[in-house]
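> show me how the following folds:
(chains A and B)
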Amino acid sequence: MNAIAKKTKKHDIHKSERRTAQLFIALPVIGFCVFTLLTLIAVFAFSLMDYNVYREEFAWLGFKNFSDLFTNSIYSTAFFRAIGNTMFLLLGIPVGMIVGLALAALLQSRAIKKCNKFFQVLFYLPAVTSAVAINLVFRYIFNPEYGLINNLFNTHIAWFKDPWLLKIAVIIKNTWAGMGGNMILCLAAMLAIPSSYYEAADIDGASSSRKFFTITLPLITPTLFYMLITGIIGGLQSYADAQVFAAGENGAQTIVYFIWVYGIKQGKQGLASAASLVLAIFIMIVTLVQFKLSNKWVYED
Amino acid sequence: MKGKFRNHMKKVFAVAAASMLTLGSFAAIACGDGRDSDPKKLTFWFWGSPAEINVYNQLIQQYQDEHPDVTIAPIHFESNVYMDKFVAERNKPDVFFMPDTDFLTWADAGVMLNLNDYVTEEELNLLWPEAVNEYYYNPETKTLGKSEGAHFYGFPKDLGPVCLTYNKTLLEQQIARNNLDRDEVYDLLSADKAMTWTQFRTLLKDLTKDQDKSSPAQIYGIPYYEMDIAMYSNGADYFKNNAETHGIDDRFIEAVAFNIQLATVDKVMPSADMSGGTDAYTKFFNSRTIFTWMGPWDNADFWTQVKFGYDVIPAPRGDHDDTQSVSMIGSMCYGVSAAMAAKNPAKAKTAIDFAKWLSMSETCQKKSMELGQQVPNLLSMAQDFISSTWEVEPAHRSLFVDIIDGNSNSVGIYSSEAEDKISGKTRSLYYTYDSTWKDNLMSYIDDRNLWRETSYEKIKSALEAYKNDLQADLNEMNERWKG
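Sure, this is the predicted structure:
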């Protein structure tokens, strides 16, 4: 009798726990269904049609929007340009990671141990600064007429008109903007490494650089992997660089900027939806490839 | 174990589905059009500089004083996001700004109310015929302008003729610094007779002879050149036959080359490399350029911010004997929501009355004119605008009227000499369903680095190679528009 009562009570506890768990899970599931799944389905449906946003009319096109993106010169020139720009700008991700790592290593070094907190705050400041403000300030810094860089070096570099220089300027800006976040992640990963490893290395007489490359770097690779994955996903979705910083110049038009121009400005939502899907699939493939390759360089204890 | 997991997941999805349905029904209720059903409460969407917003707030206050039962909720956006907002929330505003560049698209979409039954011919005859004609569209035949069966979709807000304006103080300074003959310079700066491109280029080169052309801090002749104006004033256009055929010919190429070479050959205009630098107005306000473009709406800012005298001259014309100075006329209208009118005719009446007042009432037009907002819409007030007893700059503001009226002389006050007729034409985007063709053309010019090109032949061959692409863009646009 007692055992049955115990079992029922246990059963009730499980039931109520399950209900609580279900409620907790329900919220993100609803969010996912409403804002991701439904949107994805709608985007797929739009991509197969010519949706005239002005007249709110649909015309069935099949996969024409997809083929137009790659073969119709009216759109393909801009689409390939956007792909090229987006890919080039991704180079900023490893640069940002190296800078973040270097700053974290600097904070760990004895040289600035005394004012470590001050530098932590200083390096982290860009992470708490508004993205629009950063873009506008860097527009002043790179301004071809009165910009800080041109004035400092007495040069007349056309940062905004030259497509390559513009991309380099975007990478410099993004490296600065992302260094605080990258640094804090690297620092957290470094602090999690047991000090006994370093003590053992000290006993063996390992140099600082040896310790960094054989202990620190391998042990923080899971964090670096996380930074790389999120960085690439974010980089592929870059928009503000093209819109705010580059003010729509060809040299920095990204895939998301292309989607915005054709979806909103030109009212060609079918084409924009097709581009969105291509981007989503590309992000998935890149992420999967990264996961596949991760076992070759990411340390897992 | 698998069965249990499946049961759990079923429950999770059941909760999610129920919540989605609830959320969906809330959204359906909330989506409506969010419009106040009170026929005397209107939402008015517009944009403008701080000075223009101030003008509109005053006008709305005046309207509400005259019509105490009506309440207007003004909502303004930045000009560069206004149309994005409109795309997303087209049915929210009762009365709204509709720029000429987007008019065709939205009239064709049925978003703007057909006003044929709400305005009389007599009322429309009070306005500039050019302005009225611009806002007729026949959705059956897909033709712009007044014609049999065309609908009138918008009360003209204004006609915005664009002139060249110059900084008198800076001009005097550069004449002295470069030892130029003052009388010869002023002969060229006539409000009644346009310079040719060659005269204009020579003048700008002479006026900036003393400048270090490699320095970004130099004084420029002009901050940029309006491509539409260069086209129109050389007898060229981007397209022919109602945007059915591309317009790339010798005149077209000359216009593009003229624009490019002002920077690359004459160095009187900032080079493309200076893109992203100080904008044209800041350069003009800071006396870093002698000339710039201005429309009548700029007076509101010029009167308060400019610390030097200024006047206006017509846009220079191409060097061929048959060219005229044809400036660009920007324009806008007040549209009324067709969706609102279908649901609430009483409210539509209030909205039409308000839009009509903004467009046609003497009180409103006088106030707009005096606040430096526009050339009055009413023909009867054109004389007031150019009257010498109204002591405001620019002195030769009759040029604005000339540009509007150059081809029809509706009010009989046209001042230009007949053989050097000055006129205007609506912006190129007014005539087309979307702007892809122009965006692609400008991107092509950028991609081919033509903004840095000095050679006319290279510009010519690059543009000739683009003929088929421009034609393809126009075909695609027309297919989308006309089916």
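> now the chain, which segments are flagged as low pLDDT?
Just going to use chain A. Filtered on pLDDT under 70, chain A yields the residue ranges A:1-11, A:301.
> my bad, the chain I had in mind was chain B
Applying pLDDT under 70 to chain B picks out residues B:1-35, B:407-420.
> how's it carved up into domains?
B:41-160+B:334-386, B:163-329+B:402-482 (automatic domain parsing).
> chain A is nearest to which of these?
Proximity to chain A (C-beta to the nearest C-beta) singles out domain B:163-329+B:402-482 among the domains of chain B, at 3.2 Å. For glycine as for every other residue, the C-beta is placed from the backbone atoms N, C-alpha and C.
> quickly check: that closest one near chain A or not.
Yes. For domain B:163-329+B:402-482 and chain A, the contact criterion (C-beta under 8 Å from any C-beta of the partner chain) is met by B:214, B:216-217, B:271-278, B:434-436, B:439-440, B:443, B:446-447, B:451, B:469, B:472-473, B:476, B:480.
> mind checking how far the residue nearest the centre of chain A is from chain B?
The centroid of chain A falls nearest to A:Gly234 when counting by C-alpha atoms, centre = their mean (2.2 Å). Counting by C-beta to the nearest C-beta, to the nearest Å, the separation of A:Gly234 from chain B is 23 Å.
> from A:Leu89, how far off is that residue?
For A:Gly234, the distance to A:Leu89 equals 11 Å [C-beta to C-beta, to the nearest Å].
> just send the domains of chain B back as TSV, with distance to A:Pro163 too.
Below are those laid out as TSV (distance: least, C-beta to C-beta, whole Å):
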stretch	distance to A:Pro163
domain B:41-160+B:334-386	23
domain B:163-329+B:402-482	9
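> columns mean neighbour count and distance to A:Ile157 on top of those, output as CSV?
CSV is the format used below for these (neighbours: other C-beta atoms under 10 Å in any protein chain shown; distance: least, C-beta to C-beta, whole Å):
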stretch, mean neighbour count, distance to A:Ile157
domain B:41-160+B:334-386, 19, 27
domain B:163-329+B:402-482, 19, 8
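> A:Leu69 is nearest to which of these?
domain B:163-329+B:402-482 (14.0 Å; C-beta to C-beta).
> and the closest one, how far from the chain's centre?
Put simply, domain B:163-329+B:402-482 sits 15 Å off its chain's centre (C-alpha atoms, centre = their mean, to the nearest Å).
> returning to what we had before: just the ones of the residues of domain B:163-329+B:402-482 next to chain A in helices?
If you go by DSSP state H, those have B:436, B:439-440, B:443, B:446-447, B:469, B:472-473, B:476, B:480 in helices.
> and the stretch 101-250 of chain A, which residues reach chain B?
Contact residues (C-beta under 8 Å from any C-beta) of the stretch 101-250 of chain A with chain B: A:139, A:142-146, A:150, A:156, A:158-162, A:247, A:249-250.
> give me that answer again for 6 Å
Residues of the stretch 101-250 of chain A lying close to chain B (C-beta under 6 Å from any C-beta of the partner chain) are A:144-145, A:158, A:160-161, A:250.
> for those residues, work out which two are farthest apart.
A:Glu145 and A:Asn250 (20.3 Å).
> what's in contact with stretch B:203-223?
Applying C-beta atoms under 6 Å, 6 or more residues apart in numbering or on different chains, the contact partners of stretch B:203-223 are A:145, B:174, B:177-178, B:180, B:188, B:266-270, B:280, B:283, B:288-292.
> and what of stretch B:350-358?
With C-beta under 6 Å, 6+ apart, stretch B:350-358 has contacts from B:39-40, B:42, B:63, B:94-95, B:118, B:155, B:334, B:336, B:364.
> may I have that stretch as CSV, with CA atoms only?
Taking Å, rounded to 0.1, in the frame of the first residue of the first chain, the C-alpha atoms of stretch B:350-358 are listed here in CSV:
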residue,chain,number,x,y,z
THR,B,350,-12.5,65.0,-44.3
ALA,B,351,-9.2,63.7,-45.7
ILE,B,352,-9.9,65.1,-49.2
ASP,B,353,-10.9,68.5,-47.7
PHE,B,354,-7.6,68.6,-45.8
ALA,B,355,-5.5,67.5,-48.8
LYS,B,356,-7.3,70.0,-51.0
TRP,B,357,-6.7,72.8,-48.4
LEU,B,358,-3.0,72.0,-48.3
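> that concludes my questions; thank you for your assistance.
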